[in-house]
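Participant: The sequence and its predicted three-dimensional model are supplied below.
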Amino acid sequence: MARMVSDEIAAAMGSSSWIRRMFEAGAELRRKIGPENVFDFSLGNPDLPPPPEAADALREIADSLSQPRALGYPSNAGFMPFREALAAHLAKEQNVPALQARHVIVSCGAAGAIVSFFRAVLNPGDEVLVPAPYFVEYGSYCGHFGGRLRAIPSKPGDFDIDLAAIEAAITPSTRAIMFNSPNNPTGCVYSEESISALAALVNRVNEGRDRPVFLLSDEPYRFLTYDGVKVPSILDKSPYAVVLGSFSKSLSMAGERTGYLAASPDMPDADAFLAAVTLTTRTLGYVNAPIIGQKLAMRILGCGIDLSIYEVRRAKMLAVLDAAGLEYSCPKGAFYVFPKTPGGDDVKFVGHLLKHGVLAVPGSGFGRPGHMRLSYSVENDVIDRSADAFARAVRSY
């Protein structure tokens, strides 16, 4: 057989994302037993509509299409009126009044921002440290450019950052420390104390270092926390901090692929860094984030979806787990819960759940075996009706 793809991609295809595998398994299961008997908690795909203001914003955009180049190329770094509005928004959110449009780059989702960042700063052999569990694609994002992801286990129980373990893992090859809060897959929100200590560590490590260690905060779920929990800012804690985010979840416009990268205004050589990320945004083929998505996000930047819907879903999901006797850490944000799997073999238990019509994702896919991820970004009825299936699966395992 002809070798149609590279060895690296062939290997990646052989160990493809557990999330996608479960998605495909779910499609097959629906055909076999009917969609009403399948309880799919595998994908973090928001099902809520965008804020109602989005419809008026799109009409306004449509009315402007007679203008020259209304849907033409903006700057590779983004539509300047949007960058200005986004910088003002982030300056308040991150407690950095000095943040300006030139510190912000609009990207093709948060993923596009991460990939463009890694292309701009990584040399082959550089390492990226990340608390585990972590979003499954991080390894590919840095691996495309010769980087290597090193997973540092987070603390047991609440999944907080193990600062001592991260400090011990730093070497001359370390180029970035990356974290995601609220976390996918655990729903953990790292505390102010943890983030401040991590930033202080990065600042200390960078003293006298020729190639600095960057501190990346991936924040697509920043908007979604529970019980009064606040997500700490990072741009005000280190000159080497970079924030990444998107509007996929907060404004339910995942398909528009609109995200951003914001660098600390105090970053040494910030202009050179941002010029490099702008260049890689273009040369990776993104060119620019979709212009309709940028104009839409700009017009509804201060809006939001109904967060109480997710509060209800979280309560229902936890009640189902309690009734089944599964152990978990209560999520403080996002729309995921990461319970322990009975017996410790997460792949085996998730396969057993599948026999009962329940789709979950093994924790092994997120760098933390012995757990599974459940996304409660699904209708209330699906969560309620899944209770019997979870209970039967646990009893029969």
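Facilitator: Looks like it came in fine. No experiment lies behind these values; they were computed from the predicted model shown.
Participant: All the strands of the chain, residue numbers only.
Facilitator: 39-40, 104-107, 127-132, 148-153, 174-180, 214-218, 241-246, 259-263, 336-337, 358-359, 361-362, 372-375 (DSSP state E).
Participant: hmm, who's touching the second one?
Facilitator: Residues from elsewhere that reach strand 104-107, judged by Cβ atoms under 8 Å, 6 or more residues apart in numbering: 77-79, 82-83, 86-87, 90, 113, 116, 244, 258-262, 274, 277-278, 281, 286, 288-289, 294. The C-beta positions use only the backbone N, C-alpha and C, and glycine is treated the same way.
Participant: Over to stretch 220-233?
Facilitator: Under Cβ under 8 Å, 6+ apart, the answer for stretch 220-233 is 93-96, 110, 181-184, 189-192, 195-196, 219, 244-246, 248-250, 259, 304, 307, 310-311, 314, 331-335.
Participant: Can you give me the neighbour number for Ala391?
Facilitator: Neighbourhood size, Ala391 [other Cβ atoms under 10 Å]: 16.
Participant: Check what pLDDT it gets.
Facilitator: In this model, Ala391 is scored at 97, pLDDT.
Participant: For Gly146, see how far away Leu261 is.
Facilitator: 21 Å (Cβ to Cβ, to the nearest Å).
Participant: Buried residues of stretch 105-116, list them for me.
Facilitator: By neighbour count with 16 or more other Cβ atoms under 10 Å, stretch 105-116 contains the buried residues Ile105, Val106, Ser107, Cys108, Gly109, Ala110, Ala111, Gly112, Ala113, Ile114, Val115, Ser116.
Participant: And those residues, which is closest to Phe214?
Facilitator: Ile114 (11.5 Å; Cβ to Cβ).
Participant: doesn't Val243 make contact with that closest one?
Facilitator: No - in this structure, Ile114 is not within contact of Val243 by Cβ atoms under 8 Å, at 11.4 Å.
Participant: shared neighbours, the two?
Facilitator: Joint contacts of Ile114 and Val243 (Cβ under 8 Å, 6+ apart) are Leu216.
Participant: OK, contacts around the nearest residue to Ile19 once chain neighbours are set aside?
Facilitator: Distance criterion Cβ to Cβ, 6 or more residues apart in numbering; nearest residue to Ile19, sequence neighbours excluded, is Val361 at 5.4 Å. Listed by Cβ under 8 Å, 6+ apart, the contact partners of Val361 are Trp18, Ile19, Met22, Ser42, Pro185, Val350, Met372, Arg373.
Participant: residue contacts, the closest residue to the first one other than its chain neighbours?
Facilitator: In this case it means Trp18. Of all residues not flanking Trp18 in the chain, Gly365 sits nearest, at 3.4 Å (Cβ to Cβ, 6+ apart). Remark: with contacts taken as Cβ under 8 Å, 6+ apart, Gly365 is in contact with Ser17, Trp18, Ile19, Val136, Arg373.
Participant: Distance of Gly365 relative to Arg395?
Facilitator: For Gly365 relative to Arg395 (Cβ to Cβ), the value is 26 Å.
Participant: neighbours around the closest residue to Met298 other than its chain neighbours, how many?
Facilitator: Spatial nearest neighbour of Met298, chain neighbours left out: Phe82 (4.1 Å); criterion: Cβ to Cβ, 6+ apart. Other residues lying near Phe82 total 25 when counted by other Cβ under 10 Å.
Participant: what's Phe82 in contact with, if anything?
Facilitator: Val106, Gln294, Lys295, Ala297, Met298.
Participant: try it again with 7 Å
Facilitator: Taking Cβ atoms under 7 Å, 6 or more residues apart in numbering, we find Phe82 in contact with Val106, Gln294, Ala297, Met298.
Participant: how many neighbours does the second one have?
Facilitator: The number of residues packed near Gln294 is 23, by other Cβ under 10 Å.
Participant: okay but it is in contact with Met80, surely?
Facilitator: No - with contact defined as Cβ atoms under 7 Å, Gln294 does not reach Met80; the gap is 10.1 Å.
Participant: Which residue is the nearest non-sequential neighbour of Asp266?
Facilitator: Nearest to Asp266 is Pro239, by Cβ to Cβ, 6+ apart, at 3.9 Å.
Participant: for the buried residues of stretch 105-116, which one is nearest Arg69?
Facilitator: Val106 (17.1 Å).
Participant: Just list the residues touching the residue nearest to the closest one when sequence neighbours are not counted, thanks.
Facilitator: Counting by Cβ to Cβ, 6+ apart, Gly78 is the residue found nearest to Val106 once chain neighbours are left out, at 2.9 Å. Shown in contact with Gly78 (Cβ under 7 Å, 6+ apart): Ile105, Val106, Asn288, Ala289, Gln294.
Participant: what's the answer for Met22, then?
Facilitator: Ser42, Leu359, Val361.
Participant: Return the backbone torsion pair for the residue most central in space within the chain.
Facilitator: Centroid check for the chain by Cα atoms, centre = their mean gives Pro220 as the closest residue, at 5.4 Å. The phi and psi values for Pro220, taken as degrees, to the nearest 10, are phi -70, psi -20.
Participant: Show the model's pLDDT score for it.
Facilitator: 95.
Participant: can you check Ile305 too?
Facilitator: The model reports Ile305 with a pLDDT of 87.
Participant: Need the nearest residue in space to it, chain neighbours excluded.
Facilitator: According to Cβ to Cβ, 6+ apart, the nearest residue to Ile305 is Leu48 (5.0 Å).
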